[in-house]
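J.: Sequence and predicted structure below; questions after.
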Amino acid sequence: MSIQDLLLDRQDDGARPLSPTELRLDASAELDAKSSLEVLQLLNAEDRVAAEAVAAILPQLADLVDVAAERFRRGGTVHYFGAGTSGRLGVLDAAELLPTFNLEAGRVVAHIAGGAAALVNAVEDAEDSEAEGRTAAADVGADDVAIGLAASGNTPYVGGALAAARSAGAYTALVSSNPNAALAPLADTNLVLATGAEVLTGSTRLKAATAEKLVLNGFSTALMVAVGRTWSNLMVSVVATNDKLRLRTVRILQEATGLEAEAAMALLASAGGELKTAIVAAIAAVDVSDARSLVARHHGSVRDALAEASV
């Protein structure tokens, strides 16, 4: 079935129910008659719905993390495809992985309908282009994971991208707030977030976006944990690009090893600022060169490097 066939009944013609995100929320029917505090309380109460919606799909999300981790280890890439708010959240998540986990550019890539201009200006018609989605996914390969982000589950741009990714042999997933998403057949994993109607009818920058942000936070963090970019609950892959982060690396080394600040700074200096190398050198009581080799041999995993050192 073509993308056009999947999307033909997107209109409210009775063939397909409206997305829950387009329905009216009874609790907010008199929204403009409420005080500011009452509006905020209502928004806050509905935000809890977003967290509950994410909790309900965690087993599926965990399976997606495991699939992505396996492909990531063999050199695959994770791609996010979205439009509007959904696309912007994908860009934000991908961008934050580079400094937090020292992730190489091009390993988690975000694509947004309308390109870079859509990050700060609404390019609303861009989401209607299936062709643009297919073009965006042109470089997706068989070892990759393609994740479509669309609150309605009906966005043509996302559909084009998922169709192209699936044709290339990639693993595909869809994150939406619509149990009747037209694009669901294109997804190997269909993550449906039951966020329901929005406080402001149709404004998916609210609950639907909050739930998506939680999904992306969870997915990418769990993925980085799975591929050895953390040790314990410490950001051992963080890139020290400013004074704040340089101080943080010293504190992390102290937390990991029990070293005093001066000794931690000296060890980091001898390790060329490589936090993982310094941790392994201190805990395994080996020199910096051997620690660096251990970390490299285990593809950056401190835990696995220390396990070998203890044998």
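T.: Cool, the structure landed.

J.: Check which helices and strands the helix or strand hosting L92 is in contact with.
T.: Following DSSP states H and E, the helix or strand that holds L92 is helix 84-101. Under the contact definition 3 or more CB pairs under 8 Å, 6 or more residues apart in numbering; DSSP states H and E, helix 84-101 sits against strand 78-82, strand 108-112, strand 145-149, helix 207-226. C-beta here means a position set from N, CA and C on the backbone, and glycine is covered the same way.

J.: try 10 Å this time
T.: On a contact count with 3 or more CB pairs under 10 Å, 6 or more residues apart in numbering; DSSP states H and E, helix 84-101 meets strand 78-82, strand 108-112, strand 145-149, helix 156-167, strand 171-176, helix 207-226.

J.: mean confidence for it?
T.: Mean per-residue pLDDT for helix 84-101: 95.

J.: measure the spatially most central residue of the chain to A118 for me?
T.: By CA atoms, centre = their mean, the chain has its centre lying nearest to L216, at 3.1 Å. From L216 over to A118 the distance is 17 Å, taken as CB to CB, to the nearest Å.

J.: show me where the protein has helices.
T.: Assigned by DSSP state H, the helices in the chain fall at 3-7, 36-56, 58-73, 84-101, 130-136, 156-167, 207-226, 243-257, 261-270, 275-284, 288-297, 302-309.

J.: Measure how far the last one is from the centre of its chain, please.
T.: Average the C-alpha atoms of helix 302-309, do the same for its chain, and the two points are 28 Å apart (CA atoms, centre = their mean, to the nearest Å).

J.: Could you tell me the angle between it and helix 288-297?
T.: On the basis of axes from the mean of the first three to the mean of the last three CA atoms, to 10 degrees, helix 302-309 is oriented at 120 degrees to helix 288-297.

J.: And helix 302-309, what does it pack against?
T.: Checking 3+ CB pairs under 10 Å, 6+ apart, helix 302-309 ends up next to helix 275-284, helix 288-297.

J.: What about A62, how many residues nearby?
T.: 13 (other CB atoms under 10 Å).

J.: Now it: closest residue in space, sequence neighbours ignored.
T.: Spatial nearest neighbour of A62, chain neighbours left out: A222 (7.3 Å); criterion: CB to CB, 6 or more residues apart in numbering.
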